[in-house]
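Colleague: mind looking at a prediction? Sequence and model below.
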Amino acid sequence: MEQENIFLFVPNLIGYSRILFAFISFYFMPTCPLLASLFYLLSGFLDAFDGHAARLLNQGTQFGAMLDMLTDRCATMCLLVNLSLLYPQYTILFQLSMTIDVASHWIHLHSSMMRGSSSHKSIDLSGNPLLRLYYTSRPVLFVMCAGNELFYCMLYLLNFYEGPTVGFLPAGLFRCVFWLSVPIAVLKLGISLLHLVTASRNIAAIDTAERKKKLDAGK
């Protein structure tokens, strides 16, 4: 049987295209906000398809899961760096957001791997009910992730434009989408903090069990 090339699996090819679109977005961020936002959101939108392709084609891999998470974290982080330049008075808030986002996902992934899961999205169904809903309901996960990305993307666009005026809206389109996404972004930040606490407790429990096993073996 011919050996499979993990790097050419369809979900991973989608992942590479996400990286390409993200880099195009970063390139245009200083000069062309609409084009930059288009490619940034396109990169994020494709995130909904790589997991679907992995399940449909039975091509889920640990490499793909890691690629997916790193692309998400790095893309958001690069946008937040740009927002820090556009809104220097809020730099500390963007730094805190980056720190919580990266730290919570890293420790959650590490905790999942220590407990034998193949992905950071595979969780203990007996665990926290909010995290269980977040990872087992695809519509909830999509709304949370999309809303969070729209929050930061609209904040970026609002530095340049209010957006087109639509008759029934009280303000420009970008500002209206921004305010609609605010509660989602706040809730997403809360979930990241919950990730951090829950994963830390899981790792501490593993450490406690391993230390007890060593102590019992030494008696």
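Modeller: Perfect, I can see it now. Numbering: from 1, shown residues only.
Colleague: check the spatially most central residue of the chain and give its pLDDT.
Modeller: The residue lying closest to the centre of the chain (Cα atoms, centre = their mean) is Asp72, at 4.5 Å. Asp72 is assigned a pLDDT of 94 by the prediction.
Colleague: C-terminal to the helix or strand in which it is found, what's the next element?
Modeller: In the assignment (DSSP states H and E), Asp72 maps to helix 62-86. Scanning forward in sequence from helix 62-86 by DSSP H and E, the next helix or strand is helix 91-114.
Colleague: tell me the buried residues in the helix or strand that comes right after that following helix?
Modeller: Downstream of helix 91-114, the first helix or strand assigned by DSSP H and E is helix 129-136. Within helix 129-136, the residues that count as buried by 16 or more other Cβ atoms under 10 Å are 131, 134-135. Glycine gets a C-beta too; all of them are placed from N, C-alpha and C.
Colleague: in contact with the residue nearest to Asn12 when sequence neighbours are not counted, which residues are there?
Modeller: Nearest non-adjacent residue to Asn12, counting by Cβ to Cβ, 6 or more residues apart in numbering: Gly64, 5.2 Å away. Going by Cβ atoms under 8 Å, 6 or more residues apart in numbering, Gly64 touches 6, 9, 11-12, 15, 50, 54.
Colleague: tell me the two of those residues that are most distant?
Modeller: Farthest pair in those (Cβ to Cβ) is Ile6 and Asp50. Separation: 13.7 Å.
Colleague: who has more neighbours out of those two?
Modeller: Asp50 (25 against 12; other Cβ atoms under 10 Å).
Colleague: please tell me the pLDDT value assigned to the residue nearest to Asn12.
Modeller: pLDDT for Gly64: 92.
Colleague: next one: Arg138
Modeller: So Arg138 comes in at 85 (pLDDT).
Colleague: the one 4 residues further on now?
Modeller: The predicted structure scores Phe142 at 90 on the pLDDT scale.
Colleague: could you find the closest non-adjacent residue to it?
Modeller: Ala48 (6.0 Å).
Colleague: which one is Pro164 nearest to, not counting chain neighbours?
Modeller: The shortest distance from Pro164 to any non-neighbouring residue, by Cβ to Cβ, 6+ apart, is to Leu173 (5.1 Å).
Colleague: again, but for Ile184
Modeller: Once flanking residues are discounted, Ile184 sits nearest to Gly147: 3.0 Å by Cβ to Cβ, 6+ apart.
Colleague: still on that earlier bit, what sits in contact with each of Ile6 and Asp50?
Modeller: 12, 64.
Colleague: name the helix or strand for the spatially closest residue to Ile100 that is not a sequence neighbour, please.
Modeller: Distances taken as Cβ to Cβ, 6+ apart place Ser192 nearest to Ile100, at 5.1 Å, with adjacent residues excluded. Secondary structure assignment for Ser192, by DSSP H and E: helix 173-218.
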